[in-house]
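>>> test case, fold it:
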Amino acid sequence: KALGAQLGRFVLVFNCDETFDFHAMGRIFIGLCQVGAWGCFDEFNRLIEEQLSAISQQIQLIQDALREKKPQIFLLGSDVNVNPNAGIFVTLNPAGKGYGGRSKLPDNLKLLFRPVAMARPDNELISEVMLYSEGFKGARRLARKIVNIFTLCRQLLSKQQHYDWGLRALKVILCTSGELMQASRADKTTTSPTIEEEILLKALTDNTASKLTSEDLARFEGLLGDVLPGVKVPEIRSEELVKAIESALAKHNFEVQERQTQKIVQFNAALGQRIGVVIMGPSGSGKTTIWSVLREALHSLGKTVRVYVMNPKASTRAQLLGFMDPNTREFHNGVLTAAARKVIKEPPNVLNWIVCDGDVDPKWIEALNSVLDDNHLLTLPTGERIAFGANVNFIFETHDLRFASPATVSRMGMIYLNHEDVNVSSLTKKWGKERGVAEGGQLNQLLADFFEPMVKLILQYENKQVVRTTRMGSIQSLLLHLTGSDTK
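Predicted coordinates for the structure are as follows:
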């Protein structure tokens, strides 16, 4: 893509998956040949193995024509004009190594391309260049420090499936630092080495703290103190948004908790930094509450938010992402593609959230790879490319990312919730408010004196349950026995 931009070439990115057959690929090849564009086929080895051989013959035909400077080729039953500027490039992740749903390329297809193995990136040099371009005077020193922090995090923090300490995560932090630097300059604040360190630390904390477990968060804060000693994180958060969040929580009988409010603010920040955000945690930990409360808070601030909720595991892949009729070559929309067509028609001031509530499965999530990276493009087997603006976000609710590949994890922002976020006292108070129990009533006092200690005792043995359930499930089952109780 970068090479094409430097050479003034029109580069089109297509995210391949098993719905692309050789007819669909052939139609795209015909378009590239006639326009003279470069085609970059991402995740190329996600195509079905049986189709790859037929596709290799089409590619060979085009490459021979380009090499011999032929004006025309015969492809898919018709004569096609060949523009000498056309080019075909493929990118792929290796089959295996945690990347599911990928096949090895057949030898006849490998011979058509010059292989370029991607070496480990020089993160320090990339960070230095990006920080200099964002206006940081001490970019070299800061680049060394942030790369050291990432290296130490990889080595010292626990191994979690949803952690990513790669270049994508680093790039998001550097871009956020640049935005904070521009805001600082707009306020006419003079930038000193201390202010630059504070800005970098703010960006690093905002992007990293939300995905860490409670044990790792303490270690992470210790690391920051060692690498950036004496630097305080500047408190830059919208008090207006916090008040709107607290008001929305109170409206729905939730007890306002600093930790939950902080998670909602972090979620709002993540939506501004990445198109895809995962809210991960056990059932009942407040995943739906986070986005629904934020939506209501934004509504109260005068912003319009449209939400499209779907369960990707409740439908087949074709019902979710659509399918192409093999006879008529007509594309039929799925639930997600239909929502995608609606959101791109909305004006830029309307926020659109496509919420996927269910397990993250490589079978469908990998089809969104080009949506979740910098391209923001959903590519269909017809060759159509749906481009999303900055007002669109994909939100994924799931209990874990056990089956997600590193390609998926690195593309998305993470909000991690755990059992510590479930407060027994807050749940019993909410239960009481919903039933009109007075704040200082007798029932509330009984709940505090007897019910809450009993729940805490039971939860100590939650790993020894005969029928496994979640912490929230246990508490709700116990509260169910109090249905109909009052203060008499």
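
>>> surely Gln63 touches Gly87?
No: using CB atoms under 8 Å, Gln63 is not in contact with Gly87, being 9.5 Å away. From N, CA and C alone the C-beta is placed, and that goes for glycine too.

>>> any idea which element Ile415 lies in?
strand 413-416 (DSSP states H and E).

>>> ok so, going back, the more surrounded of Gln63 and Gly87?
Gly87 (19 against 15; other CB atoms under 10 Å).

>>> quick check: closest non-adjacent residue to that one.
Leaving aside its sequence neighbours, Gly87 sits nearest to Trp38 (CB to CB, 6 or more residues apart in numbering; 4.2 Å).

>>> which residues sit in contact with the one you found?
Gly4, Arg9, Phe10, Val11, Leu12, Leu32, Ala86, Gly87, Ile88, Phe89 (CB atoms under 8 Å, 6 or more residues apart in numbering).

>>> do Asp359 as well
Pro312, Lys313, Thr398, His399, Phe403.

>>> quickly note the distance from His399 to Leu47.
Applying CB to CB, to the nearest Å, the value for His399 to Leu47 is 31 Å.

>>> more neighbours: which of the two?
Leu47 (26 against 16).

>>> quick check: that one touching Ser56?
No: at 10.6 Å, Leu47 and Ser56 do not qualify as touching, with contact defined as CB under 8 Å.

>>> how about the strands in the stretch 1-150 of the chain?
11-15, 38-42, 72-75, 78-81, 87-90 (DSSP state E, counting those that start in this stretch).

>>> residues of the fourth one that come out buried?
Residues of strand 78-81 classed as buried by neighbour count (16 or more other CB atoms under 10 Å): Val80.

>>> could you do the last one as well?
Using 16+ other CB under 10 Å as the burial criterion, the residues of strand 87-90 that qualify are Gly87, Ile88, Phe89, Val90.

>>> any idea how far the last one lies from Leu142?
Separation of Val90 from Leu142 (CB to CB): 36 Å.

>>> what's the nearest residue to Val309 if we skip its chain neighbours?
Nearest to Val309 is Val355, by CB to CB, 6+ apart, at 4.5 Å.

>>> state the helix or strand in which the one you found lies.
strand 350-357.

>>> with Ile386 instead?
strand 385-387.

>>> for Val277, same thing?
Residue-wise, Val277 maps onto strand 276-280 under DSSP H and E.

>>> report the angle between that strand and strand 350-357.
Interaxial angle of strand 276-280 relative to strand 350-357 (axes from the mean of the first three to the mean of the last three CA atoms, to 10 degrees): 40 degrees.

>>> who does strand 276-280 touch, helix- and strand-wise?
If contacts are counted by 3 or more CB pairs under 8 Å, 6 or more residues apart in numbering; DSSP states H and E, strand 276-280 sits against helix 258-273, helix 287-300, strand 392-398, strand 413-416.

>>> apply 6 Å and report the result again.
The contact analysis (3 or more CB pairs under 6 Å, 6 or more residues apart in numbering; DSSP states H and E) places strand 276-280 against strand 392-398, strand 413-416.

>>> check the offset of the following helix or strand past the longest one from the chain's centre.
Scanning forward in sequence from strand 392-398, with DSSP H and E defining helices and strands, the next element found is helix 406-411. Relative to the mean C-alpha coordinate of its chain, helix 406-411 is positioned 8 Å out (CA atoms, centre = their mean, to the nearest Å).

>>> and stretch 364-373, by the same measure?
9 Å.

>>> touching it from outside, list them.
The contact list for stretch 364-373 (CB atoms under 6 Å, 6 or more residues apart in numbering) reads 13, 15, 17, 42-43, 276, 312, 317, 320-321, 377-379, 408, 411.

>>> please work out the average pLDDT along that stretch.
Mean pLDDT, computed over stretch 364-373, is 87.

>>> between the two ends of it, how far is it?
16 Å (CA to CA, to the nearest Å).

>>> for the stretch 201-350 of the chain, what spans make up the helices?
214-227, 239-251, 258-273, 287-300, 317-321, 335-343 (DSSP state H, counting those that start in this stretch).

>>> ok, Arg329 - how many residues close by?
Neighbours around Arg329, by other CB under 10 Å: 13.

>>> okay, the residue lying closest to it once chain neighbours are set aside and Ala387: tell me how far apart.
Distances taken as CB to CB, 6+ apart place His23 nearest to Arg329, at 6.8 Å, with adjacent residues excluded. His23 is 24 Å from Ala387, where distance means CB to CB.

>>> the two: which is more packed in?
His23 (14 against 11).

>>> tell me the two of the contacts of Asp359 that are most distant?
Pro312 and His399 (13.9 Å; CB to CB).

>>> low-confidence ranges, the stretch 201-350 of the chain, go.
Low-confidence segments of the stretch 201-350 of the chain (pLDDT under 70): 233-237.

>>> assign the closest residue to Thr19 other than its chain neighbours to helix, strand or coil.
Nearest residue to Thr19, sequence neighbours excluded (CB to CB, 6+ apart): Pro381, at 4.9 Å. With DSSP: H, G, I helix; E, B strand; the rest coil as the basis, Pro381 sits in coil.

>>> does Pro381 touch Phe22 like I think?
No: Pro381 sits out of contact with Phe22 when judged by CB atoms under 6 Å, with a separation of 11.1 Å.

>>> more neighbours: which of those two?
Neighbour count, other CB under 10 Å: between Pro381 and Phe22, Pro381 has more, with 23 against 20.

>>> buried stuff in stretch 29-43?
Phe29, Ile30, Leu32, Cys33, Ala37, Trp38, Gly39, Cys40, Phe41, Asp42, Glu43.

>>> hang on, the earlier thing: the residue nearest to Val309 and Thr379, how far apart?
Counting by CB to CB, the gap from Val355 to Thr379 is 22 Å.

>>> I'd like the contacts of Trp38 as CSV, with distance to Phe74 and pLDDT appended.
Shown next, in CSV, are these (distance: CB to CB, whole Å; pLDDT from 0 to 100):
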residue, distance to Phe74, pLDDT
Gly4, 27, 92
Arg9, 26, 91
Phe10, 25, 91
Val11, 26, 92
Leu12, 23, 91
Leu32, 16, 92
Ala86, 16, 92
Gly87, 20, 93
Ile88, 18, 93
Phe89, 23, 93
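
>>> any idea which residue sits dead centre in this structure?
Nearest to the geometric centre of the chain sits Met412, at 2.4 Å (CA atoms, centre = their mean).

>>> assess the claim that that one and Val278 are in contact.
Yes: counting by CB under 6 Å, Val278 is a contact partner of Met412 at 5.1 Å.

>>> secondary structure element for Val455?
helix 452-459.

>>> just how off-centre is that helix within its chain?
36 Å.

>>> other SSEs contacting it?
Using 3+ CB pairs under 6 Å, 6+ apart: helix 452-459 touches helix 424-434.
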